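Q: need a 3D model of the sequence below.
(3 chains)
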Amino acid sequence: MSKLLVSPSPHIHASVSTKSLMRDVVLALLPAAIVSVVFYGIGELVVLGTSIASCLVLEYLITKYMLKKDCTVGDWSAVVTGLLLALNLPSSTPWWVVFIGAVVAIGVAKMTFGGLGQNVFNPALVGRVFLLVSFPTYMTDWKIPGGLFGADAVSGATPLGAIKEGLLGGAQLSDLTAQYNWSDMIFANIGGSAGEISALALLLGFGYLLLRKVVRPYITLSIWATVALVSLIFSLAAPEQFTGPVFNLLTGGMILGSCFMATDYVTSPMSIKGGIIFGIGIGFITMMIRYFGSYPEGMSFAILIMNATVPLLNNWFHQKKYGRA
Amino acid sequence: MSTTIIWTIAIIALLGLVLAVVLYFVAERFKVVEDPRIDEVEKVMPGANCGGCGFAGCRAFADAAVKAPNLDNNYCPVGGNEVMKKVAAILGYEVKEKAPMVAVVRCNGTCEARPRINDYDGYASCRVKAALYSGDTGCSFGCLGCGDCVAACQFGAISMDSATGLPVVDQEKCTACGACAKACPKAIIELRPKGPRGMRMYVSCVNKDKGPSVKQACANACIGCGICFKTCQHGAIVFENNVAYIDASKCKLCRECEAMCPTGAIHGVNFPKPLDKEAIKTRIKERNAKAAEAAKAAAAAPAKVEPEVKKEA
Amino acid sequence: MSRRTFSIGGVHPADNKISRECKIEVLPIPETVYIHLGQHIGAPAKPIVAVGDKVKVGQPVAEPGGFVSAFIHSSVSGTVKSIAPRKDLAGNPQMCIEIAAQGDEWMEGIDTTDTLITDFPDDAKSCLDKIKAAGIVGLGGATFPTHVKLTPPPGKKCDMLIINGCECEPYLTSDFRTLLEKGEQVAIGTAIIKNILGVDKATIAIEDNKPEAIKHMNEVLANLRKLSSKYAGISVLSLMKKYPEGGEKQLIDAVMHRQVASGGLPIDVGAVVQNVATALAVYDAVQKNKPIVENSVTVTGECFPKQANLLVRVGTPLKYIIDYLGGMPADAVKVISGGPMMGKAIANLDAATLKGTSALLFLTAKQTARGKEGNCIRCGKCAEACPMGLEPFLLNRLSRAGGMLDELEKNAVQDCIECGCCLYSCPANIPLLDVIRQSKAQVMGVIKARAAAKK
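A: A predicted model of the protein is given here:
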């Protein structure tokens, strides 16, 4: 007689795995990646390729030779990190800068903490912020999309950057915002890092994640609500100085950050309540940096700062338990 | 510029002073008065915090030892007699010396001897496995092989032998804290006296089933035949629930039971010479023959009623 | 209208009720039955027959060994061969009465006909005595002696009787078939239990993946209500399909919108829950004097050659059932007693069925193999799925750290109902429930010891 297999219940498993979740995130990011390649051309392809390839290779080398653990390259998480990192960089970033970003993201932010699931901060964001403070010239060389087939792209500033500089230079806010209308922002007609340019493509991907139940909407919605509320209050109080909700929701890394970076499993709180507070924190800090900070954009910093509060939020907020007050 | 520096230094210094005073009073207020001997005793303890003594750690043991009227119920198995002598010296008590102990794995069911009839697919823990079913083999008493004992040992004294699938105790490292014995859901591991020069005998099986089914499940098991019980001249074998057990306090290490055991379930370790089964068997045979003759003679002498009484040994 | 269900967590495993069209078929009597003395929660029963005794079907062979215990009856007529330990489903030796079958002679007084008796005695005491004498235990899985459950402690009042017809586990269809084929008997059994408890309302809760059963039970109840006023107050409630709806606490939440406090009993919130099969057994006991000697068992699995719902005598060897249906399929690696979420994997096919055996499920390696354990990615899917609102990821971490019993208790590990939703939904294949089950047992031990010390 053949041997019987014995194991504790349950005996069946849902068709979901770390790999399938990560693959879904990659799929969800694909529209944005394609849009950015179409608009920025070969340069963006190089950034994407370098970033993903170096993340994969670094993950493989580190797990195999430094940690001497089972190799985790197969779980697609390095692809997600690489893709997110690339979408956070300008398409003109030289390949070696991208590689340094990947080293920081995978090597420092992820592996030093013990690999997948153990990191405190979002690896792609750590990589991005490291590059932002180390190579500011490369990192702020934004291009107005010229297109894969169109004319050469023109160097320029992002809407947020332009406004910040303009305000510092004494210009009128209404003049500055007049050059951006919101359909441009949705349809990738403004300057920014690759992933920031098309809100529509990103939202499409986020919709897919919601549909597949990969992420829950609480964090994203609470960020949007907070950003809208804060900017509404400020823009009503001093319209000549502060930008309004629509502008703030559609520019910069808002969509990419709120849909894909803040909702990262590992670095976001477990409970719904915790997630909402996490989102409020991100929204508020982002707006404070945008309005009062020296950087034009605060999404990355806001998410990283709130990442640090996650253990506390997990400790404070728990799920509602059955039969307990 | 210089005023700023001076101010900064002054403020920090003042702050430090104020806080120091606060800290001092807080420390005074919440000071716990403790018997200084507790610290002394703790210092001579091994510091393993293994819980082998039955207390939460070395500090808890020291506390209990200081408060107890004598040391009868407090003994550190890890430190052994040496440490206990020091503790006794500090506290002015007498210490009862105990024979050093060692953990003994009483399962002999190697992979070869115990054919597998089931496979396990779940969390690799004996405790989880034991709660679920009897084990991968026909023996429901034997080692489950997931290594809970290995995980429990903080001295690195137990390791799994991949060839046999059984845990092996490194007797040099074993401190007899008993953590492994507690961790084993099948209660296979026992603390036994180390014995003179490490020589000791034990039955390496705890199967309480009846002979035939035991034999089917494991070739190395104690089948409860009772030969060892009949052989032993010192009354050291306790025979209960179809399984033999050697009472270490009575065992004279003659190795007769080991030689006679049909399945090799009785183990003798650390003997200088390998077991010479034939010599022992001849010795037992001669002794039995003599005994039979003596019995015959005794039976024959008083009344010559039944001369053809057969010997039963 | 939104579909009614329990409020926290839950998962949606594929239904796979592939044996739902199979009528309940009577399995021929095996040559030998092995009747376990511990078929229920509580003290094992004490044998009252000796080796060599002749017994008839339905004759008691063991009496309760304590307050929480139950009678056990012979399921065949024949001779007692032995009373000895025998390996059970898990391979652990348990006391068993071995009876060799000869013919099929029933005890006097047992009505074996199919005639439906709709009128039942009003006297609760006599009904309870009959239930106790028939050895009825909760057939939904917990096998808690029914007569104990139907005697609420003084001062506790029952507001509603819930008959659990959810059968939320995938693959299982025996309750479904019972509702379809013996709906009248279940309804009468429900009325009897309702009468014993003295409650006004009884609800037969059925998941909406079984519309036929819901329709049939509504018709049956309408007919019965015409006959007698005793059937007033019994209704059928359709619930949204979601696992573990059939869990006692989840069902009370879904039906009554009340939650049983941690450590409490359903009666604390005025609920008594009984399974469909138990209601049928109550009918048999009270109306027909028939003790539990047989129960319906679903035999199923994609790899199994023949799907079936069988009426099996208690103590039938599993091998006999499998051989009757065409033998063990070559690609089946695991046989489960019960459903795939909470059922127990069988280690020993020589074992025999118990009163509470509801299914034999055959799974292939592909269906059941666990994936390799990975790192926790903190997705929170386990917490989302937990119907008790616990945080399995946290309990897992605390358990593995060792010695964190206080923390585990604070995080309510003792509330775990072991439904398996956490492990089912973990993308990293972390054996959450394996670990949590252990620490739950430890914490329960601490709680019990503390309660005992208080007394």
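
Q: in which helix or strand does whatever residue of the stretch 201-313 of chain B ends up closest to chain A reside?
A: In the stretch 201-313 of chain B, the residue that lies nearest chain A is B:Gln216 (13.8 Å; CB to the nearest CB). No exception for glycine: its C-beta is placed from N, CA and C like everyone else's. Here B:Gln216, judged by DSSP states H and E, is contained in helix B:211-217.

Q: so how far is that helix from its chain's centroid?
A: 26 Å (CA atoms, centre = their mean, to the nearest Å).

Q: what's the answer for stretch B:213-227, then?
A: Averaging C-alpha positions (CA atoms, centre = their mean) puts stretch B:213-227 23 Å from its chain's average.

Q: how about it, does it reach chain C?
A: No - Stretch B:213-227 stays clear of chain C (CB under 8 Å from any CB of the partner chain), getting no nearer than 8.8 Å.

Q: who touches that stretch?
A: Stretch B:213-227 is contacted by residues B:108-110, B:112-114, B:137-139, B:142, B:203-205, B:207, B:209-211, B:239, B:242-244, B:257, B:260-266 when judged by CB atoms under 8 Å, 6 or more residues apart in numbering or on different chains.

Q: kindly report the same for stretch B:239-252.
A: B:192-193, B:195, B:200-203, B:205-211, B:214, B:222, B:224, B:226, B:228-229, B:233-238, B:257, B:265-266.

Q: can you give me the pLDDT of the residue of the stretch 1-150 of chain A found nearest chain B?
A: Residue nearest to chain B within the stretch 1-150 of chain A: A:Ser7 (4.0 Å; CB to the nearest CB). Here, the pLDDT recorded for A:Ser7 equals 92.

Q: so it touches B:Asp121, yeah?
A: Yes - assessed by CB atoms under 8 Å, A:Ser7 is found in contact with B:Asp121 at 4.2 Å.

Q: mutual contacts of these two, please.
A: Taking CB under 8 Å, 6+ apart as the contact rule, A:Ser7 and B:Asp121 both touch C:Thr368, C:Arg370.

Q: if you count what's nearby, which of those two comes out ahead?
A: A:Ser7 (23 against 18; other CB atoms under 10 Å in any protein chain shown).

Q: state the distance from the more buried one to C:Cys422.
A: In this view, A:Ser7 and C:Cys422 are 15 Å apart by CB to CB, to the nearest Å.

Q: also B:Met260?
A: 54 Å.

Q: which residues touch the nearest residue to C:Gln414 once chain neighbours are set aside?
A: Nearest in space to C:Gln414, with sequence neighbours left out and distances taken as CB to CB, 6 or more residues apart in numbering or on different chains, is C:Val443 at 5.0 Å. By CB under 8 Å, 6+ apart, the contact list for C:Val443 reads C:Leu405, C:Leu408, C:Glu409, C:Val413, C:Gln414.

Q: what does A:Gln118 give?
A: Taking CB under 8 Å, 6+ apart, we find A:Gln118 in contact with A:Val266, C:Asn375.

Q: helix/strand/coil for it?
A: Of the three states, A:Gln118 takes coil under DSSP: H, G, I helix; E, B strand; the rest coil.

Q: A:Thr286 now?
A: Here A:Thr286 is recorded as helix under three-state DSSP.

Q: dump the residue contacts of it.
A: A:Ile223, A:Val227, A:Met254, A:Gly257, A:Gly298, A:Met299, A:Phe301, A:Ala302.

Q: close to chain A: what parts of the stretch 101-250 of chain C are there?
A: Near chain A, when you scan the stretch 101-250 of chain C using CB under 8 Å from any CB, you find C:Pro170, C:Lys249.

Q: give me the residue from the stretch 101-250 of chain C nearest chain B.
A: Counting by CB to the nearest CB, the stretch 101-250 of chain C gets nearest chain B through C:Gly141, at 16.3 Å.

Q: so what pLDDT did that residue get?
A: As predicted, C:Gly141 sits at a pLDDT of 75.

Q: same deal with A:Ile144?
A: At A:Ile144, pLDDT is 56.

Q: next: B:Pro274.
A: Taking B:Pro274 on its own, its pLDDT is 87.

Q: can you tell me the SS state at it?
A: Look at B:Pro274: counting by three-state DSSP, its state is coil.

Q: for C:Gln274, same thing?
A: Per three-state DSSP, C:Gln274 ends up strand.

Q: could you measure from it over to chain B?
A: From C:Gln274 across to chain B, the span is 28 Å (CB to the nearest CB, to the nearest Å).

Q: residues contacting that residue?
A: C:Gly138, C:Gly140, C:Thr146, C:Lys149, C:Leu161, C:Ile162, C:Ile163, C:Asn164, C:Thr190, C:Ile193, C:Val282.

Q: which residues does it bridge with?
A: C:Ile163 (DSSP bridges).

Q: and it, how far is that from C:Tyr283?
A: 12 Å.

Q: cool, A:Gln319 as well?
A: 41 Å.

Q: now the residue most central in space within chain B, nearest residue through space, not along the chain?
A: When CA atoms, centre = their mean is applied to chain B, the residue found nearest the centroid is B:Leu191 (2.0 Å). Closest residue to B:Leu191 apart from its sequence neighbours, by CB to CB, 6+ apart: B:Met101 at 4.5 Å.

Q: so what pLDDT did that neighbour get?
A: Predicted confidence (pLDDT) for B:Met101: 90.

Q: again, but for A:Val154
A: Value for A:Val154, per-residue pLDDT: 48.

Q: swap in the one 4 residues further on?
A: Per-residue confidence at A:Thr158 stands at 67 (pLDDT).

Q: three-state assignment of residue 19?
A: No chain was given, so I picked chain A. Here A:Lys19 is recorded as helix under three-state DSSP.

Q: wait, I meant chain B there
A: Assignment for B:Leu19 (three-state DSSP): helix.

Q: try C:Arg4
A: Quick answer, by three-state DSSP: C:Arg4 is coil.

Q: tell me who's in contact with it.
A: So C:Arg4 contacts C:Leu237, C:Ser238, C:Leu239, C:Met240, C:Ala254, C:Val255 (CB under 8 Å, 6+ apart).

Q: check residue 167 and give its pLDDT.
A: Using chain A. At A:Leu167, pLDDT is 67.

Q: wait, chain C was what I had in mind.
A: At C:Glu167, pLDDT is 93.

Q: likewise A:Gly41?
A: 79.

Q: try C:Ala330
A: pLDDT at C:Ala330 comes out at 88.

Q: now name the helix or strand holding it.
A: Assigned by DSSP H and E, C:Ala330 belongs to no helix or strand.

Q: let me see the contact set for the residue of the stretch 1-150 of chain A found nearest chain C.
A: The stretch 1-150 of chain A approaches chain C most closely through A:Pro10 (3.2 Å), counting by CB to the nearest CB. Counting by CB under 8 Å, 6+ apart, A:Pro10 makes contact with C:Pro340, C:Met341, C:Met342, C:Gly420, C:Cys421, C:Leu423, C:Tyr424, C:Leu433.

Q: cool, B:Pro46 as well?
A: B:Cys58, B:Cys76, B:Val78, B:Gly79, B:Val83, B:Thr175.

Q: fine by me, we can end here.
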